[in-house]
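[1] I'd like to go over a predicted model; first the sequence, then the structure.
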Amino acid sequence: LPEDMVCLWASKRVGRPIKWVSDRTEAFLTDAHGRDHRSEAELALDADNKILGLRVKTVANLGAYMSLFSSSVPTYLYATLLSGQYDIPAIHANVKTVYTNTTPVDAYRGAGRPEATYLLERIMETAAREVGLSPAEFRRKNFIRSFPHQTPVIMCYDAGDYDATLDAALKAADYDGFAARKAEAASRGKLRGIGLSCYIEACGIAPSAAVGSLGAGVGLWESAEVRVNPVGSIEVLTGSHSHGQGHETTFAQLISERFGLDTNAVSIVHGDTDKVQFGMGTYGSRSGAVGMSAIVKALDKVEAKAKKIAAHLMEASEGDIQIEGGELKVAGTDKKLTFTEVALAAYTAHNLPEGMEPGLKEGAFYDPTNFTFPAGTYVCEVEVDPDTGKTEVVKLRRG
């Protein structure tokens, strides 16, 4: 943002920290907005109400000028999820982007995926009512059940169980009891409605080959380095920066469970360019799927080396070494070393396997081969006062 640059410049000039704050009106007028679509959709069904095809025409407003991700949001991030949770043999999506006199749009809270879900779920609800089926059963009839599933719009879903999430949501919302609740509301002069949304996401952005095909100038792998200190404490360097997601806790728990160590023995370093060599950052729901995967790959290397050292010191087979409760044990015996003892041995280097380098520090890069596709179902029940239009959300359940 220009304001960031001005703050840096001003801070240098006056030799003091500078803070810039916008008010809400200014933010509303100048910050990037999330989306502005005008869409038409058509759904084709066979005699058994199975979907044959989907056609979508979308005009997406980019605002007055191009922002960083604005052109990819209504195209690559939107059109590629128009299959949703459904087995749709043919999909045709035509997206036109236009410049207008409005505030520019950019990636914000979902970026393309909510638009796809909204459009698809609206037409699924409309189709179900037109053909006289329960909206839940119409969706169930068209769920994907065989995986991996190649959609007509690039994405290949690796796994999913959409019946399970639908069933859980319907049970939590007491979907079968809705008719009685609707009748009771009518006796009080109120309207009551219930709706479903079966969503799917493309997370863990992104395979470098995928973004490369779009002309991106970088790969979207993630890096990690795990440094075991001589006293057994562990420092994890990650390129996935936390800005409120709680990585400091989650990442530390990963190491704690792996080696049986107290989380206080683990420190997470992010955002420090003096220490972290490379990183692609936090966005696109990628810190767990990509950032933590890089950490796991580095942990695999640390564990393998620690087991080699422990096996050598205890004169055991490497395959017999087990890590449990902060100790490396020889299976079936009472021989064991603490994780701290193995770490110290790695650095004193008095007695290491022949040819092994001292130290216990490993790094890794992880480049995902595919997106991840979390999915679920929401059920929302509302009551409306027909005289005032006041709407109350009675229930919001998910599965």
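    That came through fine.
[2] hey, let's count contacts and neighbours off CA atoms from now on
    Noted.
[3] Name the single longest helix found in the chain.
    helix 292-313 (DSSP state H).
[4] Buried ones in the helix or strand following that helix, by neighbour count?
    Counting by DSSP states H and E, the next helix or strand C-terminal to helix 292-313 is strand 321-324. For strand 321-324, burial by neighbour count (16 or more other C-alpha atoms under 10 Å) applies to I321, Q322, I323.
[5] hang on, the earlier thing: can you tell me what sits against the longest helix of the chain?
    222-226, 236, 238, 251, 255, 317-318, 320-322, 328, 330, 337, 342-343, 345-346, 351-353, 360-366 (C-alpha atoms under 8 Å, 6 or more residues apart in numbering).
[6] And that helix, what's buried?
    292-303, 305-313.
[7] now it: how far from the chain's centre is it?
    27 Å (C-alpha atoms, centre = their mean, to the nearest Å).
[8] do the same with stretch 69-82
    On C-alpha atoms, centre = their mean, the centre of stretch 69-82 falls 16 Å from the chain's centre.
[9] how much space is there between the residue of the chain most remote from its centre and H312?
    Going by C-alpha atoms, centre = their mean, the residue of the chain most distant from its centre is H350, 45.1 Å out. As judged by C-alpha to C-alpha, to the nearest Å, H350 and H312 stand 12 Å apart.
[10] And for A44?
    67 Å.
[11] Kindly report the same for D176.
    D176 sits 64 Å away from H312, going by C-alpha to C-alpha.
[12] What of P114?
    55 Å.
[13] Just give me the neighbour total for the nearest residue to F259 once chain neighbours are set aside.
    Nearest non-adjacent residue to F259, counting by C-alpha to C-alpha, 6 or more residues apart in numbering: G326, 5.6 Å away. Here the count is done by other C-alpha atoms under 10 Å, and G326 has 18 residues near it.
[14] can you tell me which residues contact G326?
    F259, G260, L261, T338, F339 are the contacts of G326 under C-alpha under 8 Å, 6+ apart.
[15] can you tell me which of those are in helices?
    Using DSSP H, these in helices are F259, F339.
[16] Mind putting the contacts of G326 into JSON lines with pLDDT, neighbour count and distance to I154?
    Converted to JSON lines, the contacts of G326 look like this (pLDDT from 0 to 100; neighbours: other C-alpha atoms under 10 Å; distance: C-alpha to C-alpha, whole Å):
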{"residue": "F259", "pLDDT": "94", "neighbour count": "18", "distance to I154": "39"}
{"residue": "G260", "pLDDT": "93", "neighbour count": "17", "distance to I154": "42"}
{"residue": "L261", "pLDDT": "93", "neighbour count": "22", "distance to I154": "43"}
{"residue": "T338", "pLDDT": "96", "neighbour count": "17", "distance to I154": "49"}
{"residue": "F339", "pLDDT": "95", "neighbour count": "26", "distance to I154": "46"}
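[17] Quickly name whichever of the contacts of G326 is closest to H37.
    Lowest distance from H37 to the contacts of G326 (C-alpha to C-alpha) belongs to F259, with 49.3 Å.
[18] Run a quick check on the closest one versus E324, I expect a contact.
    Yes. Contact criterion C-alpha atoms under 8 Å: F259 and E324 qualify, at 6.7 Å.
[19] Can you check which residues contact both of those two?
    Counting by C-alpha under 8 Å, 6+ apart, nothing touches both F259 and E324.
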